[in-house]
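Trainee: Here is my input; please provide its structure:
(4 chains, ligands or ions: 4)
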Protein chains: 2
Amino acid sequence: MSSTHLSIGDLSRATGTKVETIRFYEKNGLLPQPGRTEGNYRAYEPAHLNRLSFIRRARDLGFSLDQVRALLTLSDDRSQSCAAVDVIARAHRDEVERKIKDLQSLKVVLDQVIESCHCNIVADCAIIESLAPTPEAS
Amino acid sequence: MSSTHLSIGDLSRATGTKVETIRFYEKNGLLPQPGRTEGNYRAYEPAHLNRLSFIRRARDLGFSLDQVRALLTLSDDRSQSCAAVDVIARAHRDEVERKIKDLQSLKVVLDQVIESCHCNIVADCAIIESLAPTPEAS
DNA sequence: GCTTGACCCTATAGCGACTATAGGGTGTAT
DNA sequence: ATACACCCTATAGTCGCTATAGGGTCAAGC
Ligand SMILES: [Zn+2]
Ligand SMILES: [Zn+2]
Ligand SMILES: [Zn+2]
Ligand SMILES: [Zn+2]
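Mentor: Ligands and ions are numbered 1, 2, ... in the order given. As a prediction, this is how the structure comes out:
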């Protein structure tokens, strides 16, 4: 009950997280339930702010909430081997890598499709044609 | 009522689309409602197959369902200018480009973070540290 | 003392694009 | 007759929030 308590709005401003999102993290077990004031307001400790910052940085790096949960659990048990941390981070990086490759080959196709449109009306549009099923063959 | 009718399973196999997804497209106005057999089974015409193929190719290229709907409408009105088609395709390509760039800069950070972990226990783990809020500064 | 306004609360529904489940009916082959 | 593949509707779940409805709390100003 010291004066160091923070309101949900304080956490929101400090981390750039919407208030609803903070409540969402609590409901989903990422952020522990804080104490309450007499008026039933959430009263956070500085540790909550640290934890929320951690969550936001991990989310900014694209980790899923499940991965963030796992990273939080690992970071709480500071004597453990960090091999599990490494596994999560590498799995995520691999997925990012895969997504980049997928999008790059997608862009190649989109570039070709867009480039091929030298027409005026939809009937001749090469973009539409590239989507339509083989128009001549049965 | 000719013998050319196709069941939902036929469309599913022909396009690699799950049956539930086909029903979902119908409910969301992408695929027109087909006739029904006496047993209340959907009975598709070849035109439905063409339309579903169109949808799938557009989805494979990453267009949103809203974009697919717009492309379908445009492709139905074959005398129209294809400028609107071009706008949709370029907007989508620009977004793909943006996503690639975002993921590439994300990957740079992830690579750095992962590379920095030469530790054994979580207490020293550079990955966890990179997520935790500045540990010394208040 | 009373109102205004910023802030907070819970509970619920919505987004996109499906996917899965429950609880049935149909059609055909053996 | 019964097994089985297939089909039907309706509803809820996924992910990571975001938005809404319908309230309660608290400090400041008049
Ligand atoms: Zn306290
Ligand atoms: Zn064109
Ligand atoms: Zn027919
Ligand atoms: Zn480490």
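Trainee: Residue A:92 is in what secondary structure piece?
Mentor: For residue A:92, the element it lies in under DSSP states H and E is helix A:83-115.
Trainee: Check which helices and strands that helix sits against.
Mentor: Judged by 3 or more CB pairs under 8 Å, 6 or more residues apart in numbering or on different chains; DSSP states H and E, helix A:83-115 is in contact with helix A:65-76, helix A:126-131, helix B:83-115, helix B:126-131. Where you see a C-beta, it was placed from the backbone N, CA and C, and this is true even at glycine.
Trainee: Is any residue of it near DNA strand D?
Mentor: No - judged by CB under 7 Å from any atom of the strand, helix A:83-115 and DNA strand D are separated, with a smallest distance of 10.6 Å.
Trainee: just the angle between that helix and helix A:65-76, please?
Mentor: 150 degrees (axes from the mean of the first three to the mean of the last three CA atoms, to 10 degrees).
Trainee: Go through helix A:83-115 and flag the buried ones.
Mentor: Going by neighbour count (16 or more other CB atoms under 10 Å in any protein chain shown), the buried part of helix A:83-115 is A:84-85, A:88-89, A:92-93, A:96, A:99-100, A:103, A:106-107, A:110, A:113-114.
Trainee: Tell me the spacing between the residue nearest to residue A:59 when sequence neighbours are not counted and residue A:75.
Mentor: Spatial nearest neighbour of residue A:59, excluding adjacent residues (CB to CB, 6 or more residues apart in numbering or on different chains): residue A:68 at 6.5 Å. The gap separating residue A:68 from residue A:75 is 10 Å, by CB to CB, to the nearest Å.
Trainee: Kindly report the same for residue A:7.
Mentor: Counting by CB to CB - residue A:7 and residue A:75 are separated by 25 Å.
Trainee: do the same with residue A:121
Mentor: Going from residue A:121 to residue A:75 by CB to CB gives 60 Å.
Trainee: Would you mind naming what in chain A lies close to ligand 4?
Mentor: Residues of chain A lying close to ligand 4 (CB under 5 Å from the ion) are residue A:82.
Trainee: Secondary structure element for whichever residue of chain A sits closest to DNA strand D, which one?
Mentor: In chain A, the residue that lies nearest DNA strand D is residue A:39 (2.3 Å; CB to the nearest atom of the strand). Using DSSP H and E, residue A:39 falls within no helix or strand.
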